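Participant: Got a predicted structure here, sequence first:
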Amino acid sequence: MIQRRDFLKTAAAASALALPNIARGQGAKLLRFVPQANLSSLDAVAGTQYVVRNAAFLIWDTLYGVDSQLTPKPQMCEGHTVDAALKTWTFKLRPGLKFHDGEKVTSKDVVASLNRWMVRDTMGQIIKTRLDALEALDDLTFRFRLNQPFAKMLFALGKNNAPVAFIMPERIANTDPFKLISEYVGSGPMRFRQDQWVPGAEAVFERFADYSVRPEPGDWLAGGKKMYFDRIEWKIMPDAATAGAALQSGEVDWWETPIADLVPLLKKNKNISVDIADPFGNIGALRMNHLQPPFNDVRARKALLMGLDQQDYMQAVVGDNPDLWKRLPSYFTPGTPFYTEEGGEILKGPRNYDGAKKLLAEAGLLGAKVTLVVATDVGITKAQGDVTADLLKRIGFEVDFVATDWGTVGARRAKKDPPSQGGWNIFHTWHAGADCVNPAPYTALDAGGDKAWFGWPKSDEVQADILKWYAAPDAAAEKAAMAAINKASFENVTYAPTGFFLLYQAWRNSLSGVVKAPFPVFWGVQKS
Amino acid sequence: MFAYIVRRIVATIPVVAIVALFIFSLLYFAPGDPAAIIAGDQASPADVERIRASLGLDRPFVVRFAEWSWQVLHGDLGVSIFTNLPVTKMIGQRIEPTVSLMLLTLLLAISTAVPLGVLAAWKQGTWIDRLVMMIAVSGFSVPVFVVGYILAYVFALSLDWFPVQGYTPFSLSDPLPWLRNLILPAMALGLAFVALIARITRATMLEVLSQDYIRTARAKGVGQRPILFLHALKNAAVPIVTIIGIGFAGLIGGAVVTESVFAIPGVGRLVVDAILRRDYPIIQGVVLILSFVYVLVNLGVDLLYTLFDPRIRY
């Protein structure tokens, strides 16, 4: 028999267990952030994953940094001088910069870091081919001596696209550029607490007291990176519903990429703000294998463009909200200074399925089998893959739909063999709009054949136009070069852009100072 | 008995060895490439190839398996391809939440399911029996993640009684935060287990309650409670313990989902992340340890038989 006193004791214990959930560590100095993906490594030079780069921006600093107009501004550097021929670039570091281990930042560290970065980065590789010497002149001064002019030096050193030219201590920077570093010491505004890192669950950053903040207002990677938090905790949440619930209950403060399905729910919550994350958005991509039939024939690639309806793709990716997507008869990011639609007519107007079929018939490819490899564990690629399967059938291909995961697509797309031997014909991905503002960081646009990105497109015309862009002396010449690249890329059908789309970010209203950018900008954000 | 335990533990060695060979082969021949994931989407094919070579992934199967086996024999499970951290350290970071979740789930499930099963058997054919069986059928039918979402929505988001996600390490001085974090996940994970144990308990109890010795006990005037819990349940325990042991494997699988839904940094999530990234050393290490644990659990079950049925001797 349960006694009344026992019952009351039990009830009291149960009520203590079910106390209202007062979120832990509500201090204004703690930020709890849910990143877009698991932070599985922390080397943004050896790897190009966006999530790694975003974390790296907290730990490491750059010599220059682009602002929201993509103009490079001095960051670790005090300034630079360059000769009239654009061949000798001399830079001076700001005095007083320190690494997180207390050591001073010197030009030797810079030289070692840039040497590692130049091996991996497209722009770095171009500098390397023109390099006579990269030398430390004294503790704070270093110099590039080039044998050809290179006008885009400051952009290369300050760009936000991975691999980013992060500066690390010489001993770490001497690591093979194809091996991941295992010591995460930078000179950025936050120090990585490696001892508290639980990969796949939590990453902790603590404010670096000796960080030297620039006096200018912060603007993306330029200006003062003033941190208002003593501690930032990245909470890895593989389940979107859990992340959404945690944001609503106040257990986290900021969610980098809420999925479209949950956005209406979050918008209804008066404690949460939802807004576009990255104004540069993303470009959906249908990537064809140029080495294997049927897409080794440009007529097959053109037929696909003739039938491709970007509205179908974009609605599948982001839903019916027209504010989140737009048609993109271009390879470049809309709304940027050098955006062009030159040669993009094939993606405009009503879709021409009959024309596509006719073109395939002329090429003798009607009914050809297409192996479409789709990563169904990634929503954006899954949605695109479904639309492509339908499109291919409509224009007269036979479809072999291979549903798999992103890890497998990553491996399979590197195979140049025929699909019957483990190769592929089409896979889907997307490119950050910030990577597609010009040809420098735009690996997917390269048409250098065997050395090009997966699909290995080859077009001498595209390559020549890219070189013209690098050599462009002024904005008008750059614009002309980009128009020519766009036109040649559509002629060659380097890949098929499936449209432009935007993604959201969401945060608790206790935060202020959250800005739109291609990466989460933590400096300048405050919590009440 | 001691000799039996030693024999059984020694017998785990070939089992674990076969598991090791199987999982290594499976991962070797499975599609996927950690080098491509490290390199990221913008990397060139040549870069991916260089990274693959730097990781030693281009070496033949025999060389890689021999190297890994040698490491394992020396108690070294290797280093994560991505984090450069020792696999043992990464498993060590994750073991407490998983063990906590499983123990609490077992505790909740057994303490709920056995009485429910006994009750259903005792009240066979009544509304109580039907209610218990309805709960059991629901527990089997509703996936763990759906139960998890419902519990999180009601008790965390709407009522604000418990946290939505996360884990607080156990502390003897204040175990309440630990319990508050785990109670919903344990309920979600335990429901199917409750259903399984309750059904088996009911079925076994019904069989035992129809035995002659139970009728004799009743005829001698033994009360209902002693009959149920002293005479019947003890004799019904062997199949119940067996099903708890078998269900342990299901619990491991369910923990993977539960840890994802409630963002618990456990071994289940570690291995799922590793599979998605093809972090081979972690997958191999976790599977090896889990297979060993599973063998030990079965050994524990076998030993428990002797406790409930003295006729069983090893």
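Facilitator: Arrived safely.

Participant: Mind giving me the packing neighbours of the helix ranked longest in chain A?
Facilitator: Looking across chain A with DSSP state H, the single longest helix is helix A:475-492. Here helix A:475-492 touches helix A:298-307, helix A:460-471, going by 3 or more CB pairs under 8 Å, 6 or more residues apart in numbering or on different chains; DSSP states H and E. Yep, even glycine has a C-beta here, placed from its N, CA and C like the rest.

Participant: So what angle separates the directions of the shortest one and helix A:475-492?
Facilitator: Orientation of helix A:298-307 against helix A:475-492 (axes from the mean of the first three to the mean of the last three CA atoms, to 10 degrees) gives an angle of 100 degrees.

Participant: What's the separation between A:Lys128 and chain B?
Facilitator: Distance from A:Lys128 to chain B, counting by CB to the nearest CB, to the nearest Å: 14 Å.

Participant: Would you mind giving the domain segments of chain A?
Facilitator: Annotated domains of chain A cover A:4-40+A:185-279+A:504-527, A:60-172, A:282-501 [automatic domain parsing].

Participant: host element of the spatially most central residue of chain B?
Facilitator: In chain B, the residue lying closest to the centroid (CA atoms, centre = their mean) is B:Ile252, at 2.6 Å. Per DSSP states H and E, B:Ile252 falls inside helix B:233-261.

Participant: how many neighbours does residue 146 have?
Facilitator: Unless you meant another one, I'm taking chain A. Using other CB atoms under 10 Å in any protein chain shown, A:Leu146 is surrounded by 21 other residues.

Participant: Not quite, go with chain B.
Facilitator: For B:Val146, using other CB under 10 Å, the count is 12.

Participant: related to what we said a few turns ago, export the domains of chain A to TSV and tack on mean pLDDT and distance to B:Asp41?
Facilitator: Converted to TSV, the domains of chain A look like this (pLDDT from 0 to 100; distance: least, CB to CB, whole Å):
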stretch	mean pLDDT	distance to B:Asp41
domain A:4-40+A:185-279+A:504-527	88	12
domain A:60-172	96	10
domain A:282-501	94	6
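
Participant: Could you pull up phi and psi at A:Leu511?
Facilitator: In this entry, A:Leu511 is assigned phi and psi values of phi -90, psi 140 (degrees, to the nearest 10).

Participant: if I read this right, the residue nearest to the centre of chain B contacts B:Val271, doesn't it?
Facilitator: No. Assessed by CB atoms under 8 Å, B:Ile252 is found out of contact with B:Val271, at 9.8 Å.

Participant: Could you look up the SS state of the residue in the stretch 251-400 of chain A positioned nearest to chain B?
Facilitator: Nearest residue of the stretch 251-400 of chain A to chain B: A:Glu251, at 5.7 Å (CB to the nearest CB). Recorded secondary structure, A:Glu251: coil (DSSP: H, G, I helix; E, B strand; the rest coil).

Participant: tally of neighbours for it?
Facilitator: Neighbours of A:Glu251 (other CB under 10 Å): 23.

Participant: Can you verify my assumption that it contacts A:Arg32?
Facilitator: Yes. Contact between A:Glu251 and A:Arg32 holds when scored by CB under 8 Å: they sit 7.1 Å apart.

Participant: need the residues of the stretch 101-250 of chain B near chain A, please.
Facilitator: B:149, B:152-153, B:155-157, B:159-166, B:176, B:179-180, B:183 (CB under 8 Å from any CB of the partner chain).

Participant: Now do the buried residues in the longest helix of chain A.
Facilitator: Buried residues in helix A:475-492, counting neighbours by 16 or more other CB atoms under 10 Å in any protein chain shown, are found at A:478-490, A:492.

Participant: now stretch A:113-128
Facilitator: Neighbour-count burial for stretch A:113-128 [16+ other CB under 10 Å]: A:113-124, A:126-128.

Participant: Could you do stretch A:37-48 as well?
Facilitator: Of the residues in stretch A:37-48, those buried (16+ other CB under 10 Å) are A:38-48.

Participant: Quick check: the farthest pair among those residues?
Facilitator: Pairwise distances across the buried residues of stretch A:37-48 (CB to CB) peak at 19.3 Å, for the pair A:Asn38 and A:Val45.

Participant: can you give me the helices in the stretch 151-300 of chain B?
Facilitator: Secondary structure of the stretch 151-300 of chain B (DSSP state H, counting those that start in this stretch): helices at B:176-209, B:212-219, B:224-225, B:233-261, B:267-277, B:280-308.

Participant: Of all these, which one is nearest B:Leu21?
Facilitator: Using CB to CB, the helices of the stretch 151-300 of chain B put helix B:280-308 closest to B:Leu21, at 10.5 Å.
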